[in-house]
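1. model this:
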Amino acid sequence: VTGAGMTGAGMTGGGMTGLISTGIASTSSTNSDDKNSKPFNNTAAQHATTHNHTHRDRGSNKHNKTTPKTNALLSQAGASSRLPDFMSDERLLMSVISCLSEAGEHLLSAIFCQYFEPPLRKLALQRLQHSARRADPTLFRYIFEIPMLEFLVAYYDEVSDEERRDFAIRRLQNPLLNIHNSQSVKNSFVLQSKVAFMQRFSDDILKRYGI
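-> Numbering: from 1, shown residues only. Below is the predicted model:
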């Protein structure tokens, strides 16, 4: 990708290289509701979500404690790590999203949309619509926003892409996305998802563009 994409003023030179490569070393529009976005009426998405909620209800209790299985899964997500400094700067994050979108990396830009407070859900779904047909399903493991996963399940069920649909369903049904988990567990899971994604982004994506 050249020109206004990942090279030139985009991902190299004085663009994203400094803010990402410096920040990643430590890991070794505005948001609007989804009122205007496409509703998730797909049967497969509803089934996956309902199955997950039923599983969650069975595993929950009044004190909102986590189960040993959930704690083990959370431990497997990785030890706590520090995120790159630029991740806390929403202005820089938006620049990253813009650069990735220009380079055609729409799924990556959608993943970064989760990192705003509140998340840029509408923009994320728009990016997913651009990327879904040829998306790398191994990247779905870094998505923790339920509407995004529901969109993917519905889309892939509609186009009969069972492999990608099943990747999205497995992520959607991850016990660590349990709505009954304590806030500390939710926060830890989100953090580990971010750290894992930035490591993947550093090890794979940036190298693809020679950064």
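2. so where is this protein shaky, pLDDT-wise?
-> 1-81, 211 (pLDDT under 70).
3. And the helices in it, which stretches?
-> Ranges of helices within the chain are 16-24, 43-59, 68-76, 90-102, 106-113, 121-131, 146-158, 162-172, 183-200, 206-208, based on DSSP state H.
4. The fourth one vs helix 121-131, what angle?
-> For helix 90-102 against helix 121-131, the angle by axes from the mean of the first three to the mean of the last three C-alpha atoms, to 10 degrees is 20 degrees.
5. So which bits of helix 90-102 are buried?
-> By neighbour count on 16 or more other C-beta atoms under 10 Å, the buried set for helix 90-102 is 92-97, 99-102. Every C-beta, even on glycine, is put in place using the N, C-alpha and C of the backbone.
6. Would you format those as TSV with distance to residue 145 included?
-> As requested, the buried residues of helix 90-102 are exported to TSV (distance: C-beta to C-beta, whole Å):
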residue	distance to residue 145
92	20
93	15
94	17
95	21
96	17
97	14
99	21
100	17
101	18
102	23
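7. tell me which of these is nearest to residue 85?
-> Residue 85 lies nearest to residue 92 out of the buried residues of helix 90-102, by C-beta to C-beta, at 9.0 Å.
8. Once you drop chain neighbours, what's closest to the closest one?
-> Leaving aside its sequence neighbours, residue 92 sits nearest to residue 86 (C-beta to C-beta, 6 or more residues apart in numbering; 4.5 Å).
9. Could you measure from the one you found over to residue 131?
-> Residue 86 is 23 Å from residue 131, where distance means C-beta to C-beta, to the nearest Å.
10. and if you look at residue 105?
-> 8 Å.
11. These two: which is more packed in?
-> A count of neighbours by other C-beta atoms under 10 Å puts residue 105 above the other of residue 105 and residue 131, at 23 against 20.
12. picking up where we left off before, out of the buried residues of helix 90-102, who's nearest residue 175?
-> Among those, residue 93 lies closest to residue 175 (C-beta to C-beta), at 28.4 Å.
13. Would you confirm that that closest one contacts residue 117?
-> No. Residue 93 lies out of contact with residue 117 (C-beta atoms under 8 Å); the separation is 10.6 Å.
14. Overlap in contacts, those two.
-> Common contacts of residue 93 and residue 117 (C-beta atoms under 8 Å, 6 or more residues apart in numbering): none found.
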